[in-house]
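Asks: Got a predicted structure here, sequence first:
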Amino acid sequence: MPAAEESYGVNKVVDNICQLSPDLLTEACRHILTFLQGQTRGVNSAEISDRFQRAGVRLDHEALQNMIRFLMLSFRSAGKSGLSGDDLVSRLEEGSNKWPKASLQVLHRLWSEHGASVHAQQEVQAMLSIGQLVDLQWKLGMAVSSDTCRSLNSPYVSLLLKIVEPSGQIYHRSFEMTIPQFQNFHKQFKEMAAVMETV
């Protein structure tokens, strides 16, 4: 996106934020910060929209979504960079000169209160993030030479896993197992599935 279009988009979001009283902005930001701290599973935009409408603020669906995305991205970026409240406000002012002082004060206060928790949650997520298995293929073969099979012409199972890493990259992992190893692998998968059904 060209800088002019990006600036226009940011200014449009800031114009919409200008419509919010400090209390409404605080409430919307708390929804987002609660999610970024890992305390909820998502941001309930319908609840935010209802609250805005009760207060007389009319935003269409796309404008509301853009505002939530912008605030979430700003807080996430500040968390990853370990920014202070002052640094966050400076970065926001660099992106647009339309920010009202009252809105920046709200964002500064909320980030000063919750920024460290968001940063800590992002570090935990980065450490715990693992790839997601999206495909598993297997085939039965006959060993001609192997380090694990005791004799040649023993059957083996070849597995090919397709994994999406948290970064979005797709990796392929392949390995071979003897028939007893595969049977044990299958048994462990069945046990995991049974445990997951009880959760």
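Replies: Sure, I can see it.

Asks: and Val14, how many residues sit next to it?
Replies: As a burial measure, Val14 scores 19 neighbours (other CB atoms under 10 Å). Yep, even glycine has a C-beta here, placed from its N, CA and C like the rest.

Asks: so which helix or strand takes in it?
Replies: helix 3-18 (DSSP states H and E).

Asks: which is the next helix or strand following that helix?
Replies: Next along the chain after helix 3-18, taking DSSP H and E as the criterion, comes helix 22-36.

Asks: who does that following helix touch, helix- and strand-wise?
Replies: helix 45-54, helix 61-81, helix 101-128 (3 or more CB pairs under 8 Å, 6 or more residues apart in numbering; DSSP states H and E).

Asks: For the ones you listed, give me TSV that also has distance to Leu140.
Replies: Converted to TSV, the helices and strands packed on helix 22-36 look like this (distance: least, CB to CB, whole Å):
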stretch	distance to Leu140
helix 45-54	50
helix 61-81	46
helix 101-128	35
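
Asks: out of those helices, which comes closest to Asn11?
Replies: Each of the helices and strands packed on helix 22-36 was scored for nearness to Asn11 using CB to CB, and the closest is helix 61-81 (11.0 Å).

Asks: Show me the domain layout of the protein.
Replies: What automatic domain parsing lists as the domains of the chain is 3-128, 138-198.

Asks: and the end-to-end length of the shortest one?
Replies: Its start and end residues considered, domain 138-198 measures 28 Å (CA to CA, to the nearest Å).

Asks: Might you calculate how far it sits from the centre of the chain?
Replies: 30 Å (CA atoms, centre = their mean, to the nearest Å).

Asks: Rounded mean pLDDT for that domain, please.
Replies: On average, the pLDDT along domain 138-198 is 80.

Asks: Stretch 79-94 now?
Replies: Average pLDDT, stretch 79-94: 93.

Asks: Send over it as PDB, restricted to the C-alpha atoms.
Replies: Output in PDB follows, covering the C-alpha atoms of stretch 79-94 (Å, rounded to 0.1, in the frame of the first residue of the first chain):
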ATOM      1  CA  GLY A  79       4.200  -5.200  23.300                       C
ATOM      2  CA  LYS A  80       6.700  -6.800  20.900                       C
ATOM      3  CA  SER A  81       8.900  -3.700  21.000                       C
ATOM      4  CA  GLY A  82       8.600  -3.300  24.800                       C
ATOM      5  CA  LEU A  83       7.400   0.300  24.400                       C
ATOM      6  CA  SER A  84       6.500   2.600  27.300                       C
ATOM      7  CA  GLY A  85       3.400   4.700  27.300                       C
ATOM      8  CA  ASP A  86       5.300   7.700  26.100                       C
ATOM      9  CA  ASP A  87       6.900   5.700  23.300                       C
ATOM     10  CA  LEU A  88       3.500   4.400  22.200                       C
ATOM     11  CA  VAL A  89       2.000   7.900  22.100                       C
ATOM     12  CA  SER A  90       5.000   9.200  20.100                       C
ATOM     13  CA  ARG A  91       4.600   6.400  17.600                       C
ATOM     14  CA  LEU A  92       0.900   7.100  17.200                       C
ATOM     15  CA  GLU A  93       1.500  10.800  16.700                       C
ATOM     16  CA  GLU A  94       4.100  10.000  14.000                       C
END
